[in-house]
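Peer 1: I'll drop the sequence and a predicted model, then ask my questions.
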Amino acid sequence: MPSLNVIQLRQLLREKFPGLRTRADELAVKRRDGWLSGIAKLDASLGGGFPKSAINEIIAPRRSCGSALLLTQLLRRAASQNQFTALVDGRDSFDAAAAEQSTLSRLFWIRCHNGEEAVKAADLVLRDGNFPVVLLDLVLNPIAELQRIPAPTWYRFQRIVEESTATFVVLTPRAMIAPAAVRLTLRARFGLGAVETDQGKLTLELDFDVVETGRSAVEEPLRKTA
Amino acid sequence: MFAVLCVPNFALQALLRHEPELRERPLAVVEANDSNFAKALILECTRAAEATGVSPGLTAPQAQARCCELVLKSRSPAAEQSATEILVQTAYAFSPNIENTIPGVCTIDLRGLSFGDSEMPEAPEEADNQKAFDFFQSSATRCLIDAKPLTEWATAIVTALQQLGFESQVGIAATPSLALLAARADKPVLLVERTEDFFRSLLFAALEPTPEVFDIVKRWGIHTAGAFLALGKEAVSERLGAEALELFHRTSTQTIRPLNIVVPTDTFEEQMNFEAHIETIEPLLFILRRFVEQLSTRITLTYRVVGELTLTMTLESGAPYERKFNVPAPTANVETLFRMLHTHLENLRTDAPILSLRLTATPVRAQGQQFGLFESALRDPNHFHETLARLAALLGTDRVGTPIAETTHRPDAFQMKTPEFGNAPPRNPKLETRNASGLCLRRFRSPVHADVELREGRPQFISTLLISGRIKRARGPWCMSGTWWDERRWSRQEWDVETEKGELYRLRNVNGDWLLEGVYD
């Protein structure tokens, strides 16, 4: 039971700063603005696309789970909306032949050789504020290299993104971004036949878990899509 | 009517334009060809120097004897030339009919200009000077000319020059010579409405007589120009000779000399030679910021913006350094222009100290752009190009940009181009005819060497630094070749393999050497 002083203080703060949250259970109801990926299943799971002004983490825990396919689909989607995309390629692994020239013409590709370069480049691109979609691909970077990225870096990125309307998506080999608003883990397993299958069909086969973290580091999955 | 724009102590002001903090210190300009000031005469000095007893005409040692803290600087013809250009360009922003009279003085013809609700009336033909003067002096004309907007117009010129680092004075009168006398009066703006009143208060010394004539007239007890003119032209010329006639001519209200109309150059340049060589970036940026501020203000006065900047530096080694900066979205914003220079200079290393610095701005018309409903463009192209420069400095120019696919079947063939997002046309989905297939490849851009065991010509086991294990399934070989007609010929054999862990890789076989080219993901 809060003391009278605390109640009075809350009352005072409410009068002074309308809209201020003074109790932990008073969760601010905020309508989230999302960027649709164009993949119906994914957008439905995310409840209206990737949240803007927040960090979205896509985890590719194993190879050949479709992370490059998803990345290319996101590039195509942005280009189809006449949006420019910045791709910070942490290991210079993006295959330009995978996308059409019309998609490439809207792509700003930053080819890094290691995680340190990628983080510096991402920092510059996010501060630039010109790109509505920013993708940071760290899937092929060694875990040891990614562990050297200081945790406050991600909070700094969160602060920068908060001030913009950009959609910031980070692809990682394992969960490592504590302030991520959404964490999506790819679960698909593709066989050798997928090398020649139509990408439209492959996209439908993408399998993932979505966790809306609400910026907390560890939470149970809200939805699971099989 | 005419206005004269006068910058007093022009040589001094031209020199201190980029060092305004020195204005409050005792400082004098001397006429000296080198740094030997022993016999040099003081030309002009600051108020702080005057307060200590220093005055023009003293020799440098005499001046230094009166003020031990006196800073002596040589006259700089380059600085004066640059200041003259600024003066003319500023005057041109206020009237198309201007004359570069003498260094530090600019005469402006006010005919045809609008002031407030009224327009400056057209005077009769110049040949009939008396008529013209009478026209301006007539009460009817004075009613047409409203003093307030005219004074405001002149104050705007003074303010504009103040932004460029000059203290100036403006005189407005019926003739150019009268306007010059008014401009030299110690007031920022002086409008001569009644000539008699003006001469009555004007000191005789302002007519700049020779010392002999000045002494004689002074002994007569005459101290003002009005009293001198009242003596009568013929009576005075009988006693003082031809020089007195010249003095009467200067104050004549019957002569309007034709102006030698000039058009200012379209050069916007700032330059500085350093007394102490510059070796670090901080002083360089300090000076460059002032240059950018000056150039931006000058170009804004012409209703244009900066389209290109050219930075030129002379090094002690004698080697010149020049760099052009194309402004993607032409602007006069000081911060934007300065950031472009700053970004470049923080990554620049020269092999010798810097002796001089020059910054040239190319003016262009401001671009008005309205975006289409379905078009997209960068919000701030200048900021993007600054980011691009920073990324290029961090990673190298070949690792930042937009990929352009080459017209070849050779895998991973593309070129990196500087992004031109401002010119990207809206995408037409109907033109997309390509049906993409297959998982996308993540390339190992330095392919990994692999040891591959074959059975019946097909890969069975793989061992690399990244992966090792049995190959569950393999598809291939896919044989490719191209450009066989010249030295760029290529050929390869590719295999798609699936490991026991369910990972998909692309293998390449070139003359028996196996390479892991990428992972399908």
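Peer 2: Looks like it arrived, so ask away.
Peer 1: what's the weakest-modelled helix or strand in chain A?
Peer 2: strand A:223-225 (a mean of 46; mean pLDDT, DSSP states H and E).
Peer 1: where in chain A is pLDDT low?
Peer 2: For chain A, the stretches flagged by pLDDT under 70 are A:1-4, A:18-32, A:213-226.
Peer 1: can you rerun that using 80?
Peer 2: For chain A, applying pLDDT under 80 flags the ranges A:1-4, A:7, A:11, A:13-32, A:212-226.
Peer 1: which residue ranges of it form helices?
Peer 2: Taking DSSP state H to define them, one finds helices in chain A at A:4-16, A:40-46, A:67-80, A:101-104, A:115-128, A:143-147, A:151-162, A:199-204.
Peer 1: mean neighbour count for those - can I get that in CSV?
Peer 2: The way it works is simple: take the backbone N, C-alpha and C, and place the C-beta from them, glycine included. Output for those, formatted as CSV (neighbours: other C-beta atoms under 10 Å in any protein chain shown):
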stretch, mean neighbour count
helix A:4-16, 11
helix A:40-46, 17
helix A:67-80, 24
helix A:101-104, 19
helix A:115-128, 21
helix A:143-147, 13
helix A:151-162, 16
helix A:199-204, 15
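Peer 1: I'd like those helices laid out as TSV, including distance to chain B.
Peer 2: Conversion of the helices of chain A to TSV gives the following (distance: least, C-beta to the nearest C-beta, whole Å):
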stretch	distance to chain B
helix A:4-16	35
helix A:40-46	16
helix A:67-80	4
helix A:101-104	5
helix A:115-128	4
helix A:143-147	13
helix A:151-162	13
helix A:199-204	4
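Peer 1: and of these, who's closest to A:Arg183?
Peer 2: With distances scored as C-beta to C-beta, the stretch of those nearest to A:Arg183 is helix A:40-46 (10.9 Å).
Peer 1: what packs against that closest one?
Peer 2: Contact partners of helix A:40-46 among helices and strands, from 3 or more C-beta pairs under 8 Å, 6 or more residues apart in numbering or on different chains; DSSP states H and E: strand A:182-186, strand A:208-212, strand A:223-225.
Peer 1: tell me the bridge partners for the nearest residue to A:Trp35 once chain neighbours are set aside.
Peer 2: Leaving aside its sequence neighbours, A:Trp35 sits nearest to A:Thr167 (C-beta to C-beta, 6 or more residues apart in numbering or on different chains; 4.1 Å). With DSSP bridges applied, A:Thr167 shows beta-bridge pairing to A:Ala54, A:Val133.
Peer 1: check contacts around the nearest residue to A:Val161 once chain neighbours are set aside.
Peer 2: Among residues not flanking A:Val161 along the chain, A:Phe168 sits closest, at 4.8 Å (C-beta to C-beta, 6+ apart). A:Phe168 is in contact with A:54-56, A:126, A:134, A:136, A:157, A:161, counting by C-beta atoms under 8 Å, 6 or more residues apart in numbering or on different chains.
Peer 1: repeat for B:Ala93
Peer 2: Counting by C-beta under 8 Å, 6+ apart, B:Ala93 makes contact with B:160, B:301-302.
Peer 1: picking up where we left off before, deepest in the core, which of the helices and strands packed on helix A:40-46 is it.
Peer 2: Mean neighbour count (mean count of other C-beta atoms under 10 Å in any protein chain shown) peaks for strand A:182-186 among those, with a mean of 23.
Peer 1: any chance of the helices and strands packed on helix A:40-46 in a markdown table, with distance to B:Thr84 too?
Peer 2: As requested, these are exported to a markdown table (distance: least, C-beta to C-beta, whole Å):
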| stretch | distance to B:Thr84 |
| --- | --- |
| strand A:182-186 | 64 |
| strand A:208-212 | 68 |
| strand A:223-225 | 75 |
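Peer 1: B:Gly221 is nearest to which of these?
Peer 2: B:Gly221 sits nearest to strand A:182-186 of all the helices and strands packed on helix A:40-46, at 95.4 Å, using C-beta to C-beta.
Peer 1: thinking again about what came up before, just curious, which of the contacts of A:Phe168 is nearest to B:His383?
Peer 2: Minimum distance to B:His383 across those is 12.3 Å, recorded for A:Leu126 (C-beta to C-beta).
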